[in-house]
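1. Provided below for reference: sequence and predicted model.
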Amino acid sequence: MENQKNAAINCGRSLIVPSVQELAKQPLTKIPPRYVHQHHQKPLLISSDDTSTLSVPVIDLHTLFATAYGSSTYYSELNKLHIASKEWGFFQVINHGISESLLEDFKREVLSFFKLPIEEKQKLWQNEESQEGFGQLFVVSDEQKLDWCDLFYIFTLPHSLRKSQLFQKLPPILREKLEAYSMEIKILAMAILGEMGKALGIDNEEITELFEDGYQSVRMNHYPPCQEPELAMGLYPHSDAGGLTILYQLNETEGLQVRKNGNWVSVKPLPNALVVNIGDTMEIVSNGVYKSIEHRASVQSNMERLSVATFYVPNMAKEVGPAPSLVAQHNVANYRRVPLVEYYKGFFARKLEGKSNLEFMKLEESKEKVV
Ligand SMILES: O=C(O)CCC(=O)C(=O)O
C-alpha cells in the first residue's frame, strides 16, 4: 500500500525551467523562440446574436442541492448539467456554497504568493525528484516549446500524501486558506459527481467507492503580460486526466478557451463563479457519455491573468474503467480498465498534447469491446 501511495505522488517529473514572470520583466520586444508557438488558432469571434449558443453553460447549484429531488425544477437543472457535461464538457457553477470571503481571502494570498521575490520562490521551485513547487509541468525535452506561464503545483489531499516540508514552507496564511479551500473543493466535487451519477444512471455506491477518498492536487497559474501574445501560449491545448477539475479564475482577464465544434470559445470569468470541467477519467467512467474537452489558455499584452485549477481524481489504489452499472445499461464497454496509477504515469510522462492519453484507453469498435 505504501508503495502505491508513493507511486501516486511521484507520477513523473518535469524538466526544470526558468521563471516566465522574471523573463516578462525584461525590456524585450520579441519573446525568446522557445516560447513561440506556430499554428496559433485564433479564438472564435462570437457575433452578438450567437452569444447564447456559444458560451459555456451556467449551472445554479443551489437549485440542484436545495430543491426537492424529483421536482420539475430539480430535473430541469439536472438536465442542464447533463447536457453541459455531454456537449461541452465544461460549465460554470454559481451558488456553489463556497463563501465569498474564503474565495476573496484565498485569491489575495495567491496574488501575493506570485509577487514574492524570485529568491523566495526559488526555495519552493521544483527539483529533480518532484514536480511539486514552482515551475512548469509536462516539460519532457529541452527542445519542447514552453508555456507563457509560471505555475505552482502541490498535492493537497489526502493529508497522508502531502509533502509536509513543502507545505511548511508556504506563507502561513496561504497555507491556512489553501487548506480551507481544498476541503471545500472536495465537498463540492463530490456533490457535483453525485449529481452527475444521478443524471447518468450510475449506482451511487460506484461513484462514492471510486471518488470518496480521492486524490486532489492544486495548480496555481500565473500568466504574465506577454510582448507577443499572438505567438505565445499560456497553456498548451490539453484535456485533464482527472475526474473533475474546478477552476477559479482570480481576475477578470479572459484567457481560458474551450474547444467547441473545432473552434476556440472564451470562458468569461463571472463574479464568484467556478468553472467545472470533465476530465478524461470521468469520460471513461461515463463510458464516453460525458466528454473531456480540450482547452487552453491565451495571454494578453498588457494584463496578467491568474487562475487556480483543482484536480479531483479517484484514489490511485483503484482501477479506472467505465462504471459497471453503465456498461450493463449500454451493453458495451467503450474504454479499457487499468490501474489508475498506470494511467497517470502515462499522462505525466507525455508532452501535454490534446487528448493523446485518452486515445490509448479507447477500445476499438471491431475487436476489443467487452461487455
Ligand atoms: O488558466 C486556465 O484558465 C486554464 C488552467 C488549466 O487548464 C490547468 O491548469 O490545467
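-> Perfect, thanks for sending it. Residues are numbered from 1 along each chain as shown.
2. C-alpha only now, for contacts and for neighbours.
-> Fine.
3. Quick check: the gap between residue 233 and the ligand.
-> Distance, residue 233 to the ligand, using Cα to the nearest ligand atom, to the nearest Å: 11 Å.
4. Helices of the protein, start to end?
-> 2-9, 20-24, 61-66, 72-87, 100-114, 118-122, 164-169, 172-200, 204-211, 280-285, 324-330, 340-349, 356-361 (DSSP state H).
5. Please name the residues that touch the one residue sitting closest to the centre of the chain.
-> What sits nearest the mean C-alpha location of the chain, by Cα atoms, centre = their mean, is residue 245, with 3.9 Å. Taking Cα atoms under 8 Å, 6 or more residues apart in numbering as the contact definition, residue 245 lies against 276-279, 309-312.
6. What is the neighbour count of the nearest residue to it once chain neighbours are set aside?
-> Nearest non-adjacent residue to residue 245, counting by Cα to Cα, 6 or more residues apart in numbering: residue 311, 4.6 Å away. Residues lying near residue 311 (other Cα atoms under 10 Å) number 25.
7. wait, doesn't residue 311 sit right on residue 218?
-> Yes. Taking contacts as Cα atoms under 8 Å, residue 311 lies within contact range of residue 218: 6.3 Å.
8. quick one: residue 67 from the ligand, how far?
-> In terms of Cα to the nearest ligand atom, residue 67 sits 31 Å off from the ligand.
9. Name the nearest residue to whatever residue of the chain ends up closest to the ligand, sequence neighbours excluded.
-> Of all residues in the chain, residue 256 sits closest to the ligand, at 4.0 Å by Cα to the nearest ligand atom. Closest residue to residue 256 apart from its sequence neighbours, by Cα to Cα, 6+ apart: residue 297 at 4.6 Å.
10. Bridged to that neighbour, which residues?
-> When assigned by DSSP bridges, residue 297 has beta-bridge partners residue 235, residue 256.
11. tell me the contacts of it?
-> 233-237, 255-257.
12. Looking at these, spot the one nearest residue 156.
-> residue 235 (22.1 Å; Cα to Cα).
13. Run a quick check on that closest one versus residue 145, I expect a contact.
-> No. Checked against Cα under 8 Å, the pair residue 235 and residue 145 is beyond contact range at 10.8 Å.
14. quick one: which of the two has more around it?
-> Taking neighbours as other Cα under 10 Å, residue 235 and residue 145 compare with residue 235 leading, 21 against 18.
15. need the contact list for the more buried one.
-> So residue 235 contacts 147-149, 296-298 (Cα under 8 Å, 6+ apart).
16. Just give me the closest of those residues to residue 331.
-> Residue 331 lies nearest to residue 296 out of the contacts of residue 235, by Cα to Cα, at 34.7 Å.
17. Could you check how far that closest one is from residue 233?
-> Going from residue 296 to residue 233 by Cα to Cα, to the nearest Å gives 8 Å.
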